[in-house]
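[1] how does the following fold in three dimensions:
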Amino acid sequence: MEIEQRGVMELFGYRSAARLLEHLGDVPKPAAERLVRRARLLNPGRNLDGTPIPALAPATGAAARTGRLSTPMIDVITGVLAEVPCEHRDSAETHLLTFAAKAGHKQVAALGARILAHLAPDGAEP
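    As a prediction, the model looks like this:
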């Protein structure tokens, strides 16, 4: 995220951090794009005009930095939080992280589905 904030083009001459990672880290393009997308969801960033972009899942990012979460667990939590309305996101993230300490990513995905069903019992609007 630091490279993206400073400007990957100015620092290294690449158009994106994923492309830089692909070339320098010898990482396949889809894997590099997933890694950068995951980093954007877990860490705050900045738009081109300098305005801040808040992280979707800051507590998940903090837990991931300590090594308590696996990659599939991070993807499950951020996938659920992307669908949760903003006003409920903090509490949903707290519940998911608490459950993640004791369960696997499939059980956390099931809890996420229950949370989403509770918040929108009728499903998406037509």
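
[2] which element is the most centrally placed residue in the chain on?
    The centre of the chain sits closest to Leu41, judged by C-alpha atoms, centre = their mean, with a distance of 3.0 Å. Element membership for Leu41, per DSSP states H and E: helix 29-42.

[3] would you mind checking the average pLDDT for that helix?
    Across helix 29-42, pLDDT averages out at 94.

[4] packing partners of it?
    Helix 29-42 sits against helix 17-24, helix 58-65, helix 71-83, with contacts defined as 3 or more C-beta pairs under 8 Å, 6 or more residues apart in numbering; DSSP states H and E. Where you see a C-beta, it was placed from the backbone N, CA and C, and this is true even at glycine.

[5] turn these into JSON lines, columns for mean pLDDT.
    Output for the helices and strands packed on helix 29-42, formatted as JSON lines (pLDDT from 0 to 100):
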{"stretch": "helix 17-24", "mean pLDDT": "90"}
{"stretch": "helix 58-65", "mean pLDDT": "96"}
{"stretch": "helix 71-83", "mean pLDDT": "95"}
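
[6] which of those sits closest to Gly7?
    Among those, the nearest to Gly7 by C-beta to C-beta is helix 17-24 (10.2 Å).

[7] next, the angle helix 29-42 makes with that closest one.
    Interaxial angle, helix 17-24 versus helix 29-42 (axes from the mean of the first three to the mean of the last three C-alpha atoms, to 10 degrees): 140 degrees.
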